[in-house]
Every structure is written in structure tokens, then in C-alpha cells.
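J.: After the sequence you'll find the predicted model.
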Amino acid sequence: MSRRTHLLPGPYGQSWTTPLLLTSLKGGAVPHLTKETLAYMEIEPAFLAPAAPIVQQTEVLEKYQKGLTSFLGLPHQFSLMTPLDPSVPDRPGFHTQKSVALWHNGNKTSVTPEMYMRGVIAAQPSAFVALCDSETPVGASNKRKGKAVSKSLDFLDRCLLMKASEPRLSDSLIFGAIEGGYDAQCRAFSAKETVQRPVDGFLIDGFHTNGVTSGDLIWSDAQPLLQSILKALPDSKPRLYQGSCSPKMTLDLIEIGIDMFESSYVFHETEAGHGLIFPNTLKPVTSPDNGCHASLDKKVDFLDLKDPQFKDDFSPIHQSCTCYSCRKHTRAYINHLLATKEMLGPVLLMIHNLHHYQIFFRTIRECCETDSISALRALI
Amino acid sequence: MSSSSPSGLMARSALQFTVLAECSTTKARASTMVLPHATVETPVFMPVGTQGTLKGLLPDQLLALDCRLILGNTYHLGNRPGVSTLKQAGGLHRFMNWPRALLTDSGGFQMVSLLDLAQITEDGVKFRSPYDDSECMLTPEHSMEIQASIGADIMMQLDDVVDATHADPERFEEARHRTVRWLDRCLKAHQRPDRQNLFPIVQGGLDVDKRKDCARRLIERDTPGFAVGGLSGGEAKDDFWRMVHVSTNELPKNKPRYLMGVGFAVDLVVCSALGIDMYDCVFPTRTARFGSALIMKHPGALNLKARAFRLDFDPIDQECPCFTCQNHSRAYIHSIIHEPSACHLITVHNVAFQLRLMKTIRQNILADTFPQFIQSFMLANYPDKKYPMWAINALQAVGVQLS
Ligand SMILES: [Zn+2]
Ligand SMILES: [Zn+2]
């Protein structure tokens, strides 16, 4: 078991320890939450900011001048800008030779490295992934996979050049994307070439097409490739993985050497009306009541709070949870809010689910320090 | 905690209304209304939380706005979560974790306006369930039973609702008499007058004499407060304000008066001058869903969907103390307008707007500067001084001449 920890520099001299969870923004907000409701959360999040809304309003951010997190009214925490939104399914077939198609609210923008870097300069993130081409779904042609690799390397070189000549980005970290789909040769080449460039970290990209299906990754197909890529990367630099990660997949990825994750899993579970209840600490839960008597003997990651069985269940989503939603509200109330399609339903679920996932990552970090991750794995 | 008073003379009302000041020109007054779950300062606007939630806001966000009284809809709550769940939860306060005061309507108005097939008989409102198509009946007794399970601080009687623009005078006559009969049935079915207040509803269409008569007959029942109903349903504004004026002239000064379904800023200012103490309306929260943020001056609202706000880094309202205005710009809200979070931000502001307007009205009544406030408010909202005729007439009736 690897015990990888990194310190990532954030604004104002803060640092962040990996394995790290980035809270994914959608369109410029944590889904369903606001600065006011985020303040009810215990753990201050670091953010992942997809690029499409940024490049579509570069002009606004340039006029604003104080950078993205300030514009969004978010705390000045570690923020990482990335080309694609991991929570939204890709729309293939729109890339060109010189650009990558980024979508936001149904609008397509064909983004060149120059446009992308203009957005980065305006957004002033703590870190950013260089523009890349990750359109390598299962079954993509060899030509497509090769193209994704060469184009991403070319884009990375141009992003590096522009970063070097831009004093405002001297403190920003740059991540290079490893591409090549499900092709060992392409992956090896992409990793070898990217490592030779002066990047600060890596995005392990192109294994899925984002959105909720990113959670259906076939581990036996992806694992050997992931493992050989990660072996080719230097230990000293952090590796980011984007896509929906169940608790088990998170631990699997940490075991082979992924350091940074994002929260689209939480978003998808919230949209489905699920409340997360998987074990997220090493402490034994005093009362095993997970509200699902039929499934007491098998492990469930979540409760489907839309289910009428919770109509008169006045207990919190998760017995031992200290989040705002669990301290203040019941399964019965959330069930009612979901049944009536009230906006407060996903608000309460998002607060709990994000908290639950954040605590999971905190436990992972503690386990990394005490070499006890196998104890956590045994619970999942 | 003392138990019931030994003399047995404990007030059969769960409401203590004290008029603190009356405007020396208009009929406006500033009062406090002590309810089981909150002390409410009037004139007050009640945001509408139809189904046990106020459009995406956490109860703590409403507390941060110092909101003390919100409205729930009996028809919706009776369907979902239903009486059984509400009873098990210990009432709506606990079900939704709202510590302050609640008011519920009777369910009748919602039913008649939402269900095509609702039919009013002497027994109650007959309707087909939208869930299983079975035939149901909402009687005054049943409405009281649901409202008892909700446990609101103020309940409304089931009234015979007729659209004020209805043409048939006989139908109005029937509704007026039936409303009084149904009040008596509600009063009889009312179990907890020490914890919940029952308000009757003044009906009578757009006829001055019938309004007066209805009010007088309700006053005889000595309830803790009164609602003025059957208005804000599409009638001419000149009819609307006259009916409010007539109703407040009849109603006793020592009890709160609630004008149902009214919430536009100008209406709130004018009707407060006519002596109304309480209002509710879905407008401020509904309009937030469409990106519309309310402001204290012309044109009354900003449509934050408009591209004009792309580069506007000012808050919605410089002077607004709400969390949204203290932390976010118009440009930011515009940039996330398609996200639910944008709706939350605007809802917070719009509720804060309503509460701040009512607070300003109240402060001016207390300082006896309400007529001056009306002048400056109307001018800010109609800078060309093209005031609506109904507002000119209504204000004139209470001694304010718009300059
Ligand atoms: Zn929780
Ligand atoms: Zn505001």
C-alpha cells in the first residue's frame, strides 16, 4: 500500500494534503448551494472549476480583475481549473484540429490553447490542467487515440509557453493530461512525453466520457493501464482523477497511486435522491440501523430517500452524522421534499452527501498517516 | 410552566394584539402580535411556504432574515405529507424544524383554484382527488382537523370562495351567508383555542353593503383576528381598494386584519394606509424563480437574466442587508442564472426585500412620518409621477394627496 501525501500550495500560504477531494463547481456554484449554505458545512472545501463557464465569460472576469473564486463569492481556497466538467456527459464529435469543444448551458465554444489561457489568466486559479483532448471512448480508433495524445502534448507545450511568459500565473500550478484511451502504447507515449515537460502534476484522463456513466468504469480494463501510467510518473508530483468515484473505486484508485479526486459522485447521488451512508470513519457505528431492514446484511452505500418507507422515519439520514442536515432534519422531511419536488430536498441532500464524502477523505488521509487503509477497506 | 389558570378565565385566544401607534393621517397602525411561537411586528408580510418549505431556503436562512411568520397551505399539506405524518411528527413546526410562527389557509381557495371539478355544496367543497380520482369532500370540520394536525399559530376558516369578478349576485349572496354558517361549524370543531387562533374571512364580493354586513356578523363571533378575502382575484384595482377600505372601517381596531393574497410593494404601502396589518403572497418567491429581483424603486424589479447585467458588479441593492447583496454581484447571479443556486440567492433577497419594506412602513408609522414615506416611496417607484389612478384614489380616501 502506497502512502502518498503531497502538500499543495493554496492562496495565502495555506497548504492542502493529499489524498484530496476537490468540490466540483457546476456552472459557477456548488450544485444547489450558495456561499451562505456552504458556510453551514464543517469542512472548508477546495474547488474544481470546469473551464466552459470561464472561457464563455473571460471578458467578464477580465473586467472584474479579482479572479474566479472572488467573483463566485467563494472562500479563497485551493481551486483547480480543468477543461471538461466531469459531472456532465461529453458531447463527442465537435473537436477540430486546433480546438476543443467546451459546452455550457447548451452553448458550444471551440477553445484553442490561446483562448483557454486567456481564461486561466482571468480566473487566476491555484492550479489548472492544460487544455487537452480526452475524446477516447471505449472503441475509439487507433488514429483517434493517437490524435488525442499528440494534440494534448501540442496544447500542453503552448500552455506552458504562455504560462512562462505570464507573471500573473507564476504561482499557479500546471497539470498535464495523460491521454490515449484504452491503448497501452498510446498511454505509455503520453506519459513518457508529459513527464519530460515542466508540469507540476498530472490529470489521468480519457478513461470515460464523464457524466454519471463515469462511475461504471470497468476496473479490469482500466486497472492495468492505470497502473502502468502511474508507474511511469514521478512520485513527487500529484495525480488527479476526474469522474464519479464510489467509495470502493476511490480506495482502489488511491491504492494504485491517485492523489486528487473531485465530487461528481456526490452530485449524481444527490440528483438521484440518495443519502450516503457508507462507512466513512473507522469508528464502529453504535446503532447499525441504516433504515433499510431488508438490506441490513448487505452493505449499502446509500439510502434511496424517495422510497415511501421513509415517509414516517423521523431519524436523521445517518445516525452518527454531525452535518447540518442530520442535526436539523429527518428522513421523513427529506422524503416529503423529494416527493413534492421542492428545491430544499437536494439542498439538504447535497449538504449531507458532500459532508459524508469529505469525512471519508479525511479518514483516508488519517489512514494514510497511520498505515491503516486496509482497515477502512475492510468496511467498504 | 403554569397549568391552566385556576379561575378558568384564561383567555380563549392564543394571540395578544397591541396597537403601539396609529398614523395621525391614514388608517395605518403599528402593532405587536404575540403568538405561541413568535412575537410578530405588524404590518407584516408572510412569505408563502406552500408545502412545508420556503422555496429552497433553510429555516436558519429565514431566521437570519428575522422572518417570524410564514404561511403553509392546508390543501397541499393535507395531501402530502398528510395528517398522519404531521401528527406523528408533532405538527408542521417540528416536521420542517421551523421554530417561529405559522399561518395556514383553510384549503378551500386552493381547491377551487387548482381543481377544475371542485364543487361547493352546503356540506363543503366536493372534489376528485388528483392522486387516485376518488371523490372527496373538504368540510369545515375536516379543514379544522387538518389545520389542527399542522398546528399553525393562526388558522383560517373554510370559506365559500367566489371569484370577485363573478357575475351572479345570487351566488355572492349564498357565499356570504354560507361563509358565516361555515365559521360557526369551524368554531365548533376548533379544539385548541389556547394554542391556535381561528380567523374568519370577510366576504361579500364587490358590494359595499354586503361586505359591511358580512364583517358585522363575523365580528359578533369574537374571534382573535379577521381576514379580508375574495379580493386580489382579478377585480379592478379601484374595486379592490374600496372593499379593503370598507372592511377595515368595519373591523374592530383592537384585532389584527389580514388581507389575503396581496404582496406587490405598492399594494402593501397603500393597503397599510387603509389599515391592514398582515399580508401574504407567492409573488416574491415565485418571481425569484424567473430571475426577477425586487428593488425599492422604479421599475420595481431587475430581470437578472438580461445580458445587461453581465458586467454589472454591483449588488442587487446597495442598501439591502441580505446575505445575497452583502456577498454577491448582479453579474455573478446573471452568470449562474440557470443553476438552482441563483434562485436561492434571489429568493433570499426577495424575502429580505418584503420584510425590509414592511419594517420601513412600520418605523414610519411609529414615527408618525408615514404620509411622507408614502410620498417618497411613490415618487421613487413612479419617477414620472404617472401614479396609478386607483392608488391616487385610495390614498386620497385616507387623507394623502400624492404630489
Ligand atoms: Zn449528515
Ligand atoms: Zn438583498
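T.: Perfect, thanks for sending it. This one's a predicted model, so the numbers in the text were calculated from it and none came from an experiment. Ligands and ions are numbered 1, 2, ... in the order given.

J.: any idea how far the closest residue to ligand 2 within chain A lies from A:L305?
T.: Per Cβ to the ion, A:E36 is where chain A lies closest to ligand 2, at 11.6 Å. C-beta: built from backbone N, CA, C; applies to glycine. Separation of A:E36 from A:L305 (Cβ to Cβ, to the nearest Å): 24 Å.

J.: hmm, back to that, residues near the residue of chain A closest to ligand 2, how many?
T.: Applying other Cβ atoms under 10 Å in any protein chain shown, we find 23 residues neighbouring A:E36.

J.: Correct me if wrong: it contacts B:V348.
T.: Yes: when contacts are counted by Cβ atoms under 8 Å, A:E36 is listed as touching B:V348 (7.0 Å).

J.: Overlap of the contact sets of these two?
T.: B:Q61, B:F323, B:T324 (Cβ atoms under 8 Å, 6 or more residues apart in numbering or on different chains).

J.: Reformat those as CSV; add neighbour count.
T.: Output for the shared contacts of A:E36 and B:V348, formatted as CSV (neighbours: other Cβ atoms under 10 Å in any protein chain shown):
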residue, neighbour count
B:Q61, 23
B:F323, 21
B:T324, 26
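
J.: For the closest residue to B:S329 other than its chain neighbours, report the pLDDT, please.
T.: Nearest non-adjacent residue to B:S329, counting by Cβ to Cβ, 6 or more residues apart in numbering or on different chains: B:F313, 4.5 Å away. In this prediction, B:F313 carries a pLDDT score of 98.

J.: Residue of chain A closest to chain B, please.
T.: The minimum distance from chain A to chain B, using Cβ to the nearest Cβ, falls at A:M343 (3.3 Å).

J.: give me the number of residues near that residue?
T.: 18.

J.: With B:R181 instead?
T.: 12.

J.: Chain A versus that one, what's the distance?
T.: Distance, B:R181 to chain A, by Cβ to the nearest Cβ, to the nearest Å: 33 Å.

J.: Ramachandran angles for that residue?
T.: phi -60, psi -40 (degrees, to the nearest 10).

J.: how about it, what does it touch?
T.: B:E122.

J.: tell me which residues in the helix or strand of chain B with the lowest mean pLDDT are buried?
T.: Lowest mean confidence among the helices and strands of chain B (mean pLDDT, DSSP states H and E): helix B:108-114, at a mean of 79. Using 16 or more other Cβ atoms under 10 Å in any protein chain shown as the test for burial, helix B:108-114 gives B:G108, B:F109, B:Q110, B:M111, B:V112.

J.: CA atoms only: put it into PDB for me.
T.: Extracted as PDB, the C-alpha positions of helix B:108-114 are listed here (Å, rounded to 0.1, in the frame of the first residue of the first chain):
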ATOM      1  CA  GLY B 108     -60.800  25.900   0.200                       C
ATOM      2  CA  PHE B 109     -59.300  28.600  -2.000                       C
ATOM      3  CA  GLN B 110     -56.500  26.300  -3.300                       C
ATOM      4  CA  MET B 111     -59.000  23.600  -4.100                       C
ATOM      5  CA  VAL B 112     -61.300  25.800  -6.100                       C
ATOM      6  CA  SER B 113     -58.500  27.500  -7.900                       C
ATOM      7  CA  LEU B 114     -56.400  24.300  -8.600                       C
END
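
J.: mind checking how far that helix is from the chain centre?
T.: 16 Å (Cα atoms, centre = their mean, to the nearest Å).

J.: touching chain A at all, that helix?
T.: No: judged by Cβ under 8 Å from any Cβ of the partner chain, helix B:108-114 stays clear of chain A, getting no closer than 14.1 Å.

J.: what comes into contact with that helix?
T.: Counting by Cβ under 8 Å, 6+ apart, B:73-76, B:118, B:120, B:125, B:127, B:138, B:143, B:158-161, B:229, B:260 sit against helix B:108-114.

J.: touching ligand 2 at all, the biggest helix by length in chain B?
T.: Ranked by residue count under DSSP state H, the longest helix found in chain B is helix B:340-366. Yes: shown here: helix B:340-366 in contact with ligand 2 (Cβ under 5 Å from the ion) through B:H349, B:A352.
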